[in-house]
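Peer 1: Test case, fold it:
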Amino acid sequence: MDFEETQEGGFEEHIPVTHSTGAAAAGTGAPYPAPAQRPKRSGWRMVLWIMLALSVIANFFLFVILIAAAVFFAAGQKDFFAENVVRKGSLGNKIAIVRLEGIINSRLSEDMREQIKTAADDDRVKAVIIRTISPGGTVSASDRIHHEITKFRAETDKPVVAFMQGIAASGGYYTSVACDKIIAEPTTITGSIGVMSSHIVVKRLLEEKLGISSVVVKSGPKKDWPSIFEETTDEQKQYLMDKLISPTYERFVGLVNDGRGALTESQVRELADGSIYGAVEALDKRLIDQIGYIDDAIALAESLAGIENAHVIEYERPFSFTTLLSTRSESIWNMDTDAIRELAVPQLLYLWNANW
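Peer 2: The predicted structure follows:
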């Protein structure tokens, strides 16, 4: 920086002016800062985004495949059963145990049909044991199971043994008489040969408590007999007896008479008053052939089939994803729409109705 004396005796400041060249501008002494450089895009970040996108796509397709496989497997395994080994033996001589357990309804009768068909399609099965634990159920479902057992015996010429555990009454006994022989555990309750029907009447509840009256338009006086909106008269009860109770009762008696050759029809009718019987009394009255346990039932089946050292299996449905989704309570107290309908509509039952 220079100072020059002026004519007036003062001093004037002279600031030198410099001109930056490209080389000077690039130096550290440049008066203007160099422009900031844009950071380079990281390659690994791009890789991570690509991997994330591929993972989302892969998981989506995997989910779709699992759902499709579950639906396909459920459709294909409708009549598929796993074989739970009860006793190991010769695989060429199998005895299949078919489990009839619970209140007999349409679902259970269909399940029994599929199990019996599985046994019929297996040439290695030489005999079948029906393990029955049931107080009975609807007339139609009980009759369908009886039909499937009879059909199996006729088409395969293979023996079927009924093995009763705990309780095998009414419909549970109805299905058992379709078998070649009946064996029961010592504590089994059986019998209860007969039919019943029941329905509820809500007339007084609706009219006296809720102030509701029903209006029914019908083509004939008997069209709605019995009705939940009217008291059941003696005439209506006799009508139900003649049309429903008596025919189904006669069928029950007839099938017991056919299945139990040791009993005459008059003897069956004497026993068919709805009474229940313990195993000892049932054996004495020739309703069953033997008292014993599962090993005795297996020995009896082997003897009837003329085989030894049988490989004994019991059918069971394998657990699956669809089974989990479709699981529902089997409690008879489950008040769903079907239960409400059954309360309103008379149901013909081969059932021992002891607080069930």
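Peer 1: How far off centre is stretch 96-114?
Peer 2: From the chain centre to the centre of stretch 96-114 is a distance of 11 Å (Cα atoms, centre = their mean, to the nearest Å).
Peer 1: Number the residues from 82 up from this point.
Peer 2: Okay, residue one is now 82; in that scheme the one you just asked about reads as stretch 177-195.
Peer 1: Just the buried positions in that stretch, please.
Peer 2: Buried positions in stretch 177-195, judged by neighbour count with 16 or more other Cβ atoms under 10 Å: 177-181, 183-186, 189-195. Glycine gets a C-beta too; all of them are placed from N, C-alpha and C.
Peer 1: Among the residues you listed, which are located in strands?
Peer 2: Per DSSP state E, strands hold the following members of the buried residues of stretch 177-195: A177, I178, V179, R180, L181.
Peer 1: Tell me the one among the residues you listed nearest to A391.
Peer 2: Proximity of these to A391 was ranked by Cβ to Cβ; the top entry is A177 with 9.9 Å.
Peer 1: Okay, and the beta partners of the closest one?
Peer 2: Note on A177: beta-bridge partners V209, I394, judged by DSSP bridges.
Peer 1: Wait, it touches D203, no?
Peer 2: Yes. Judged on Cβ atoms under 8 Å, A177 makes contact with D203 at a distance of 7.2 Å.
Peer 1: returning to that earlier point: quick check, nearest of the buried residues of stretch 177-195 to A243?
Peer 2: For these, the nearest to A243 is L181 (9.0 Å; Cβ to Cβ).
Peer 1: what's the spacing between the closest one and L432?
Peer 2: Distance, L181 to L432, by Cβ to Cβ, to the nearest Å: 14 Å.
Peer 1: Check Q348 too.
Peer 2: Per Cβ to Cβ, Q348 is found 23 Å from L432.
Peer 1: Between the two, which is the more surrounded one?
Peer 2: Using other Cβ atoms under 10 Å, the more surrounded residue of Q348 and L432 is L432, with 26 against 15.
Peer 1: tell me the contacts of the nearest residue in space to that one that is not next to it in sequence?
Peer 2: Leaving aside its sequence neighbours, L432 sits nearest to G217 (Cβ to Cβ, 6 or more residues apart in numbering; 4.0 Å). By Cβ atoms under 8 Å, 6 or more residues apart in numbering, the contact list for G217 reads 184-185, 223, 250-255, 273, 430-433.
Peer 1: list the buried ones in the helix or strand encompassing V349?
Peer 2: Secondary structure assignment for V349, by DSSP states H and E: helix 346-352. Residues V349, R350, L352 are the ones in helix 346-352 that count as buried (16+ other Cβ under 10 Å).
Peer 1: can the residues you listed go into JSON lines with extra columns for distance to T313?
Peer 2: What follows is those, written out as JSON lines (distance: Cβ to Cβ, whole Å):
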{"residue": "V349", "distance to T313": "30"}
{"residue": "R350", "distance to T313": "27"}
{"residue": "L352", "distance to T313": "29"}
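Peer 1: can I get these in TSV with pLDDT and distance to T231?
Peer 2: Shown next, in TSV, are the buried residues of helix 346-352 (pLDDT from 0 to 100; distance: Cβ to Cβ, whole Å):
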residue	pLDDT	distance to T231
V349	97	18
R350	97	22
L352	97	21
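Peer 1: now, which of the residues you listed sits nearest D261?
Peer 2: Comparing those against D261 with Cβ to Cβ places V349 closest, at 18.2 Å.
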